[in-house]
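Undergrad: I'd like to go over a predicted model; first the sequence, then the structure.
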Amino acid sequence: MHCPWDHPKARDFLCRVQETFKTDRVVNLGDEVDLHAFSARWPMNPELHSASRELELAKESLQRYYKDFPHVDVLESNHGMRIFKKNMVSGMPAKVLRRYEEILGFVKGWKLVGDHLLIDGVFYTHGEGISGGSWQLAHQKYKSSVVMGHLHSRAGCFYSQTKRYKHFTMNAGCLIDTTSEAFSYGKHIIEKPVLGCGVVIDGEQAMFIPMNDQGKFK
């Protein structure tokens, strides 16, 4: 979602997906916040907010999701971990920081669960380190079905069947506001972000649900 620059219709879209498919568990694949101002690698865009202001706005954006999604497993991701990387670059020990959930003001039901999660035999991960050219075959690397995010310009499901197994890899896209100045770096990139989310049924069937500009899906 890259809060505070999530799509203004993202919450409504997710609510429609939840109501339609009667989902009983929610996994955030990471990058729930952008933390642009905390990046130790990329120069800060002077048109955007200070680190303090961005963090407050990100927390306000997350507030919109808590009522409809009170229990969410959040995966570690490259954007979420920017706080800790910035801290490391500055030479400060990790013990001086608060827990991630406290920094972002997560409600009790939201928890950071590490870099991966297994549900019904499916491997959920943010997907950092998996390239745009090989993501369809991630299930071969992990030896199980895989659900990931990270690659904004990729989305969909890829199934593989052999005599011994049937696995899938799903890239669930993103829910960013593509008009935000925060994503101006992609202005001249041909491949644009694919908006949507993923639904997995009993670990056997995966579906990418695309979102249109009005926050709806067919």
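TA: Nice, I can see it. Being a predicted model, the structure only gives us computed values, none of them experimental.

Undergrad: what sits against the residue sitting furthest away from the middle of the chain?
TA: Of all residues in the chain, residue 163 has its C-alpha farthest from the mean position, at 33.1 Å, by Cα atoms, centre = their mean. Neighbour list for residue 163: empty [criterion: Cβ atoms under 8 Å, 6 or more residues apart in numbering]. For glycine as for every other residue, the C-beta is placed from the backbone atoms N, C-alpha and C.

Undergrad: gap between it and residue 157?
TA: 21 Å (Cβ to Cβ, to the nearest Å).

Undergrad: quick check: closest non-adjacent residue to residue 26.
TA: What sits nearest to residue 26 in space, not counting adjacent residues and going by Cβ to Cβ, 6 or more residues apart in numbering, is residue 72, at 4.8 Å.

Undergrad: surely the one you found and residue 109 touch.
TA: Yes - if you go by Cβ atoms under 8 Å, residue 72 and residue 109 touch, sitting 6.7 Å apart.

Undergrad: those two: who's more crowded?
TA: Between residue 72 and residue 109, counted using other Cβ atoms under 10 Å, the more crowded position is residue 72 (19 against 12).

Undergrad: before we move on, what SS does the closest residue to residue 137 other than its chain neighbours have?
TA: Excluding its sequence neighbours, the residue lying closest to residue 137 (Cβ to Cβ, 6+ apart) is residue 169, at 6.9 Å. Taken by DSSP: H, G, I helix; E, B strand; the rest coil, the conformation at residue 169 corresponds to strand.

Undergrad: state the mean pLDDT of stretch 189-203.
TA: Stretch 189-203 shows a mean pLDDT of 94.

Undergrad: tell me the buried residues in the longest helix out of those in the chain?
TA: Ranked by number of residues, the top helix in the chain under DSSP state H is helix 51-66. Across helix 51-66, burial judged by 16 or more other Cβ atoms under 10 Å covers 51, 54-55, 57-59, 61-62, 65-66.
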